[in-house]
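# sequence and predicted model, in that order:
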Amino acid sequence: MDALKRQAAARALEEVRDGMKLGLGTGSTAKHFVELLGEKVQSGMKVVGVPTSEATRADAIRCGVPLTTLDEVDHLDLTIDGADEIDPALNLIKGGGGALLREKIVAAASDRMIVIADESKWVDVLGRFPLPVEVIPFGLAATRAAIARAFAQAGVSGEMVIRKGKDGHAFVTDGGHWIVDAHLGRIGDPPRLAGLLSVIPGVVEHGLFIGLGTSAVLAGANGIRVVERR
């Protein structure tokens, strides 16, 4: 599986040109991309990257990739990131690693987003992977009730679980928030659910990425498959 992830990362790297401003994703597949990009930089390629998490920032520094921020550059040429699920419309579920807020900010600031993954992340319908919803801890019971109402309006339901960290306490994101993982099974209308969740005051962000992925690079036993957004 790790070899497949690296193949997808290598294929996406072919899209990177000298002088590009890049969004650097978070997670195991994106880590491969950062490592391969570092090799290109050592060979003389000139790029700068905006990391989507503190973990990716550390990886980029270790690999010698020059970094910037969205305060210094207000738009990016290309973001390369992984996903937990990808559907045929290139709607995504992201946030399994807890970096969904920064990932979405960076993706939205980019001209293009290439999603890199192994073939197992390709699904007919989103939802088998629990949907992460990043929330403010204050007033959490009220926020959860509002999330449940949004689910009902979108025709989905399922258990909501506060994500735990390795220490057994609530997992805290880089932004200081918590994550509720919603086990929905099947999301029939991802854009509708995304819109309903986005207007809840206690919801900081959610893991539905709608209209952000421009292409997906999927690595499987039969090689690389590239899917462009229709």
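Alright, I've got the coordinates. Numbers count the residues shown, from 1 in each chain.

# count the neighbours of V156 for me.
A total of 20 residues lie near V156 under the criterion other Cβ atoms under 10 Å. Where C-beta positions appear, they are placed from N, C-alpha and C, glycine not excepted.

# just the pLDDT at the residue nearest to it when sequence neighbours are not counted, thanks.
Among residues not flanking V156 along the chain, L184 sits closest, at 4.7 Å (Cβ to Cβ, 6 or more residues apart in numbering). Note on L184: pLDDT of 98.

# L184 and V125 touch, don't they?
No: if you go by Cβ atoms under 8 Å, L184 and V125 don't touch, sitting 10.4 Å apart.

# between those two, which one's more packed in?
For L184 versus V125, the count of surrounding residues by other Cβ under 10 Å is larger for L184: 22 against 14.

# look up how far S120 lies from the more buried one.
From L184 over to S120 the distance is 19 Å, taken as Cβ to Cβ, to the nearest Å.

# also Q7?
Distance from Q7 to S120, by Cβ to Cβ: 14 Å.

# check G211 too.
23 Å.

# higher neighbour count, those two?
G211 (15 against 12).

# tell me where the chain has helices.
Counting by DSSP state H, the chain has helices at residues 2-13, 28-42, 54-63, 100-108, 140-153, 190-198.

# and the longest one, what other elements does it pack with?
The contact analysis (3 or more Cβ pairs under 8 Å, 6 or more residues apart in numbering; DSSP states H and E) places helix 28-42 against helix 2-13, strand 21-24, helix 54-63, strand 76-81, strand 110-118.
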